[in-house]
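Engineer: structure of the sequence below:
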Amino acid sequence: MSDALKQSSDLNRLKKRVSEFVTAVRQSSTLREEFQACQQHLGSKKKVLIKDVETRWNSTVLMIKRFADLKESLVLFQLSEEGSTFKITEEDFTLAEQVVHLLEPMYSATVELSVEKYVSGSKVIPMTKILMRFYAKEAGQHPRVTFKQSFTEVMLNSFTSRLDNVEFVNPWL
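Structural biologist: Got it, this is the predicted structure:
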């Protein structure tokens, strides 16, 4: 999974921008208080920004999802004196929403499989097939070369090369 994430320059750029923003807000009490005030002003529940952890790909999904969920607060924050130095664009939010859409099924499968102490083929094989079908469908829906199209092809190729024959492997050999 990490290999597929590293291959996308758009995703890496977004991840870097979001990570830098989250780090700045979490490290500065002034920025954190202003950001919380923006959330309160909008009447939304106060949510803490999530920082990703390099060794856990799913933390990147959680960080970008929270970023996308807090779009209104982030836009308002940028209008404040404290937040004016951050240049988060509409393109960043659009890309974040696409990333969440594409990675949420994989995240859900990871959570589901992580619950089990011993994962059997009866669970892995259907999930693999469902994920491969999802990424094949997504790749086919975007004929132009876009982030979604290129990223879904990377994910599909990764699945195919690693897991396409999972149901035919003989565990006794």
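Engineer: switch to C-alpha atoms for all contacts and neighbour counts from now on
Structural biologist: Noted.
Engineer: and residue 84, how many neighbours?
Structural biologist: In terms of burial, residue 84 registers 13 neighbours under the definition other C-alpha atoms under 10 Å.
Engineer: correction: the previous question concerned residue 58.
Structural biologist: As a burial measure, the neighbour count of residue 58 was computed by other C-alpha under 10 Å and equals 20.
Engineer: same check, this time on the one 5 residues further on
Structural biologist: Residues contacting residue 63 under the criterion other C-alpha under 10 Å number 22.
Engineer: now do residue 81
Structural biologist: Residue 81 has 10 neighbouring residues, counting by other C-alpha under 10 Å.
Engineer: same check on residue 77?
Structural biologist: Applying the criterion other C-alpha under 10 Å, we find 21 residues in the vicinity of residue 77.
Engineer: wait, a helix at it?
Structural biologist: Yes. Inclusion of residue 77 in a helix is indicated when DSSP: H, G, I helix; E, B strand; the rest coil is applied.
Engineer: please name the nearest non-neighbouring residue to it.
Structural biologist: The shortest distance from residue 77 to any non-neighbouring residue, by C-alpha to C-alpha, 6 or more residues apart in numbering, is to residue 83 (5.2 Å).
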